[in-house]
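# I need the structure of the sequence given here:
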Amino acid sequence: MTVRSFFPPGEPMLADVNLRADLLGLVRRLRVCGVSMLEGRIQFERLWIESALTDTSGNLCKAAVQLGLHRNTLSRKMKLLGIDARVFRVLRRKHVQSEKVTPYAVRVAGGAE
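Next up is the predicted model:
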């Protein structure tokens, strides 16, 4: 089985985007430091998911599409990895709405009736 068979047609391979050498160097450094394959995979998945959540401001549906996962699968992985999407959500409103003044509020405040 070739490396190309793992990628859908038209998708770049690691060699195509010059990441293979960087990834290989990282793997070697992790092995020298005594990081197990399981721990390395867990941390890699955590960072990959956190990156997608950052890009989508915590939107699980959009992050799942970016990652090529079903939303439920992403939610399950996040639970296993202890990732909380709320941390990645930012205020989506550009301004804070001012408090509406109603006739009742004016009366309670002692204003004119």
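
# CA atoms for contacts and neighbours, from now on please.
Noted.

# would you mark the buried spots in the longest helix anywhere in the chain?
For the chain, the helix reaching the highest residue count under DSSP state H is reported as helix 37-55. Judged by neighbour count (16 or more other Cα atoms under 10 Å), helix 37-55 contains these buried residues: R46, I49, E50, S51, A52, L53, T54.

# including distance to G82 and pLDDT, could those residues go into a markdown table?
A markdown table is the format used below for the buried residues of helix 37-55 (distance: Cα to Cα, whole Å; pLDDT from 0 to 100):
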| residue | distance to G82 | pLDDT |
| --- | --- | --- |
| R46 | 9 | 96 |
| I49 | 11 | 96 |
| E50 | 11 | 95 |
| S51 | 15 | 95 |
| A52 | 15 | 95 |
| L53 | 14 | 95 |
| T54 | 16 | 93 |
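
# closest to L19 out of the residues you listed?
Of all the buried residues of helix 37-55, L19 sits closest to S51, with 17.1 Å by Cα to Cα.

# before we move on, back to that, C-terminal to the longest helix of the chain, what's the next element?
Of the helices and strands lying after helix 37-55 in sequence (DSSP states H and E), the nearest is helix 60-67.

# who touches that following helix?
Helix 60-67 is contacted from outside by I49, A52, L53, D55, T56, H70, R71, L74, S75, A85, using Cα atoms under 8 Å, 6 or more residues apart in numbering.

# then stretch 36-54?
With Cα under 8 Å, 6+ apart as the test, stretch 36-54 has contacts from L30, N59, L60, A63, Q66, L67, M78, L81, I83, A85, F88, R89.

# export only the CA atoms of that stretch, formatted as CSV.
Only the C-alpha atoms of stretch 36-54 are listed here, as CSV (Å, rounded to 0.1, in the frame of the first residue of the first chain):
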residue,chain,number,x,y,z
SER,A,36,5.1,6.9,23.8
MET,A,37,3.3,6.5,20.5
LEU,A,38,-0.1,6.6,22.3
GLU,A,39,0.7,9.8,24.2
GLY,A,40,2.1,11.4,21.0
ARG,A,41,-1.1,10.5,19.1
ILE,A,42,-3.3,11.8,21.9
GLN,A,43,-1.5,15.1,22.0
PHE,A,44,-1.5,15.4,18.2
GLU,A,45,-5.3,14.8,18.1
ARG,A,46,-5.8,17.3,20.9
LEU,A,47,-3.9,20.0,19.1
TRP,A,48,-5.5,19.2,15.8
ILE,A,49,-9.0,19.5,17.3
GLU,A,50,-8.1,22.6,19.3
SER,A,51,-6.8,24.3,16.2
ALA,A,52,-10.1,23.6,14.3
LEU,A,53,-12.1,24.8,17.3
THR,A,54,-10.0,28.0,17.4
